[in-house]
Structure formats: structure tokens, C-alpha cells
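Asker: Sequence first, then the predicted structure:
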Amino acid sequence: MLNIKNLNAGYGEMPVLKDINITIAQGEIVSVVGSNGAGKSTLLKAISGLIKSKGTITYNNESLHTLAAHTIVHRGIIHVPEGRKIFPEMSVTENLIMGGYLHPKDRKKNMEHVFALFPKLADRRSQLGGTMSGGEQQMLAIGRGLMGNPKLLLLDEPSLGLSPLFTEVVFGAIQSINKSGVTVLLVEQNVYQSLSISNKGYVIEIGSIVLTGTGEDLLNNQDVKKAFLGM
Amino acid sequence: MFFIQSLLSGILTGGVYALAGIGMSLVFGVMNISNFAHGDLMMLGMYLAYFAFTLLHIDPYLSLLLIIPTAFLFGFIIEKVFIHRIIHHPHQNQILLTIGLGLIMSNTALLAFTSDPKILTTSYSSSAVNIGGISLSVPLLLSFAITAGITGILFLFLSKTTTGLALWATSQNREAAQLMGINVAKMSAIAFGLGTALAATAGALIAPVYYIHPLAGHTFLLKAFTICVLGGLGSVVGAGVGGIIIGIVESMSSTYLSSDWKDVVVFIIFLMVLLLRPQGLLGKKGEQ
């Protein structure tokens, strides 16, 4: 579904990603794990067109390189950014409407789906996004992403700053979104939980992929255990 | 009685200022650009109203039906040709470009219309209604009513239509808006078109009570900028409130001090806001 070959990207003169190769098949959950500053967010920004990159990114045989960020959204690649980036002065409903900007006809149906997945949002539909807690904002950010009819969902650190309880809710939601047919690329520092739900994982360090394997293989890998799981 | 008279006149004038301020704030909110050509766009609106009246014999308030779409298109094109090139550049580059565009407009107007001030006199230019001893100028009352109507329509547009919400979303977080599939380049052009239309409308509304001159925009630019900072840069509601406040302050200072002092008082307030509440009355902390 998504093929990334020799991807190099960075900010201005500063290179962040070096020769990244990643493949994602339809229906999978793939996670890219690594410590802070390894280049995880840069990878997602390169895929969704927020930053320029070199190399090839092909999605269903189409090159994404020449496309503007808003056109990539048309293809069904939805990026839920780090730090949620919800619209603070807008209500929950208005945030969701913006998520479904390209699909006004599916708005009602998708909104019901989001409220079923996150009942807490349904109780708060007129609350302003900026006044919600981190966990609620994360649910809203994922819900807003689902409004865009994703085929491939890019999730950037959805568990960042969340309580264990909210983390459970978010990871549960990711699995149920995947079961409904959405392919997921998950970028996380929460190595254990993300690898546990993934078909495939990549470990990224200082801009390069250093390890790859099934989620289970990586969880049992000695280096991963030592570096990330404190074992 | 003096007080109420002065207060009401201030509110009426402030309404038109508010319109100019809202236009500038909308552009700043969506594009993060301070448009220093805003006053000159107001001046163009004044001349459009003047020529619609003298050449086509259209009432200045009625001519808004022509001026608003023309100005929107003009602003949209200016954004597409010039402004979009500097949207990610430092503020000083943006300021230079918009000041330059403003200078071209005012100097072209000087060449085309000469430096003789024009006066637009309608049959009701100097008429006033008298309510319980308080007299209110008819053109100011009309322009206030039109301002209120246009502001109301703008709010409905921003809060109820998909395009309006997309504009508002872009002003809150440009990157997140892109991730929703919103074409932010198009939103910028729409915002600049709307800003231009609002500036030209304010110019046309003030034309029957002001002298029309190629350099008249400079006075209004300073006012619009003060209003934006006072209300909180990028806050449309703040600009509306700021406009009314500036109108009242000007009117009060003219009544109780002298009309020579009104600008001084306005700028003292402006400096106090910068000193005590730099984010503006309705702006949020951390915004510049």
C-alpha cells in the first residue's frame, strides 16, 4: 500500500532522516518506535507532505512527492499530528466538521461512528477544544482524523502525556479502527504497547532504521529490551 | 447631555472603524501578515464610492453592492500575484511589500485624481435626526446600520458555512488545517479578498462624511492597526470591540479636551495596552 525507499528529509539545511525504507501492506498496523528526536515525526510529516523530502514515497503506485499536503488528504492518507493540534477555539462538533471537510456527505454517519468509539466526546460536543484535557483532546484528534475517511491513518505519539487509563482507551481504539479496515502507521515512544498491537515494527535511531521485524520479534529482541523496555 | 451625545457619536463612528479593523485582523489571523496597504485599500473604496456617485449617480451606500465584489476580486488577485510569495517570510519583508503596494496605490491615485480633496455631498450629507435633544448624523446612522449588518453576515459566514469554518480553522492552526485537506493557499486569497472588501466598504461608508484624498488611507491605516492591537491581533471580535472603543475615545477627547488631542489620547491608550496587556483585550497570551 505504502512504499518508502531511500527517504531523506529534514528542516532547511538540517538533515533528520537518512535513507529510510519502509513498506506497509493493506490492513496492517505498523509501528515505528524510537526515542525522542529520532525522526519519527519528521517521517510522518514527509509522508503527509508537510515537509519536502528526497527519495520515493509511493502510495498505491502513485508518487506522493509532487502532491501538496491538502491533496494527499484527498487520497485517504490522514495524519493525526503530534501534540493533537486540535482547533482550540472550536467546539468538539466544529473540530469534527473540519475533519470531514472533504466529505460533507458522510459527516453525519462518520460523526456517529466517532461518538460510538469515544462516547466521552458525545457528552462534550459543544465544549471548546482548547478547554479539554490532554486525553480528551487526543480522542478528539483521532476522531477528527476518522472524519476524513482514512484508508491509511498516520498517528504521531497518540499516547504522549496521557494517563495509563487514557492510554488503554487510545490503544483499544487504534485496534478497533484497524479492524474496521483502516491501515495504521503508528509512531510511538511507548514501545511495549505499540509493538504489542503491531503486525510489523521498525526501530529508528538518529534518523535511520536500525531494526525491523514483526511486533513480537522486536518485543523479544535483546537490544530492544535493553534500550526501551528496561530489561 | 453632552456626554450622551458624545458617546453615541463615538459609537457610530467607531462602527466604521471596527469594520476596517476587522478586515485587517482577519488577514492577520489567517495569513499572519500585517497588511500595511489596508489604509490605501480604504482610500480606493472612498474613490469608488465617489465615482459611482458622480459618474453613475448611484447612492454611496447602494454602490456597496458594486464595491464589495470588485474589492474582493482585487484583493484576491493581489494575494495571488504578490502576497502569497512572502507568506512564509520574515515580518519585515511582508511589511516592506505591503507598504510598497500601498505606496503604489496612493501615488497612482495622486496621479490619476490629483491632490485636490474631493467631497461627496448627498442630499442627506448634513442632515441629522433629533431624539430628545441629542442629534445624530443621518449618514453616520446609516453607515452604522450597514456596518452592523455586514459584521453580522461575516460572523454567520465564519461560524456556519464550511468555507467560513475552514478560514477560521486556518487562522487557528495552519498546519492542522492542511491535514484536514483544506487548501490553505486558497484560504489566504479568500481572507485577503475579504479583508480588501471590508477595507473598501469602510472607505465607502466614511466617504460622505470625510474628505476624499489619495493620502487619506494613511490616517486610517494607523487607526486600523491600533484597533487590531487593542482588540488582540487576529481576533475578529476583538477588532470589533476595539473599533467602537477608539470611536468613543476620539469623540470624548474632542468634546472634553480638543479635537487636536484626540489622536494623542488614542495613542496613549495604544501604548498602555502594549505595556499592560500586550496580547490585546481579547487576544490570548503568547500571541504576538
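Answerer: Arrived safely, thanks for sending.

Asker: Just want the phi and psi numbers for residue A:16.
Answerer: Residue A:16 adopts backbone torsions of phi -120, psi -50, taken as degrees, to the nearest 10.

Asker: Next one: it relative to residue B:142, how far apart?
Answerer: 59 Å (Cβ to Cβ, to the nearest Å). C-beta: built from backbone N, CA, C; applies to glycine.

Asker: Who has more neighbours out of those two?
Answerer: More crowded of residue A:16 and residue B:142, by other Cβ atoms under 10 Å in any protein chain shown: residue A:16, with 22 against 18.

Asker: any idea how far the more buried one is from residue A:155?
Answerer: When distance is defined by Cβ to Cβ, residue A:16 is 19 Å away from residue A:155.

Asker: now do residue A:94
Answerer: Taking Cβ to Cβ as the measure, residue A:94 and residue A:155 are separated by 22 Å.

Asker: Which of these two has more residues huddled nearby?
Answerer: Ranked by neighbour count (other Cβ under 10 Å), residue A:94 and residue A:155 place residue A:155 first, with 27 against 19.

Asker: ok, the helix or strand hosting that one: who's next to it in the sheet?
Answerer: Using DSSP states H and E, residue A:155 sits within strand A:152-156. If you go by DSSP bridges, strand A:152-156 pairs up with strand A:77-80 (parallel), strand A:183-188 (parallel).

Asker: hmm, who's touching it?
Answerer: A:1-2, A:24, A:40-41, A:44, A:47-48, A:59, A:76-82, A:142, A:145-146, A:174, A:177, A:182-187 (Cβ atoms under 8 Å, 6 or more residues apart in numbering or on different chains).

Asker: Would you mind checking the average pLDDT for that strand?
Answerer: Average pLDDT, strand A:152-156: 97.

Asker: tell me the contacts of the residue in chain A positioned nearest to chain B?
Answerer: Across chain A, the shortest distance to chain B (Cβ to the nearest Cβ) belongs to residue A:73, at 3.5 Å. Going by Cβ under 8 Å, 6+ apart, residue A:73 touches A:48, A:102, A:148, B:178, B:179, B:180, B:181.

Asker: Make JSON lines out of these and add pLDDT, secondary structure and neighbour count.
Answerer: Formatted as JSON lines, those follow (pLDDT from 0 to 100; DSSP: H, G, I helix; E, B strand; the rest coil; neighbours: other Cβ atoms under 10 Å in any protein chain shown):
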{"residue": "A:48", "pLDDT": "95", "secondary structure": "coil", "neighbour count": "26"}
{"residue": "A:102", "pLDDT": "96", "secondary structure": "coil", "neighbour count": "17"}
{"residue": "A:148", "pLDDT": "96", "secondary structure": "coil", "neighbour count": "26"}
{"residue": "B:178", "pLDDT": "96", "secondary structure": "helix", "neighbour count": "25"}
{"residue": "B:179", "pLDDT": "97", "secondary structure": "helix", "neighbour count": "29"}
{"residue": "B:180", "pLDDT": "97", "secondary structure": "coil", "neighbour count": "27"}
{"residue": "B:181", "pLDDT": "97", "secondary structure": "coil", "neighbour count": "22"}
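
Asker: Residue B:238 is in what secondary structure piece?
Answerer: Using DSSP H and E, residue B:238 maps to helix B:236-256.

Asker: gap between that helix and the chain center?
Answerer: Counting by Cα atoms, centre = their mean, to the nearest Å, helix B:236-256 is centred 13 Å from the centre of its parent chain.

Asker: Walking through the chain, point out its helices one by one.
Answerer: All of this refers to chain A. With DSSP state H, the ranges of helices along chain A come out as A:40-47, A:69-74, A:92-99, A:107-117, A:119-123, A:134-146, A:164-179, A:191-196, A:215-220, A:222-228.

Asker: you looked at the wrong chain, it should be chain B
Answerer: Applying DSSP H to chain B gives helices spanning B:2-31, B:38-54, B:64-81, B:91-113, B:138-160, B:162-172, B:174-179, B:184-206, B:216-231, B:236-256, B:262-276.
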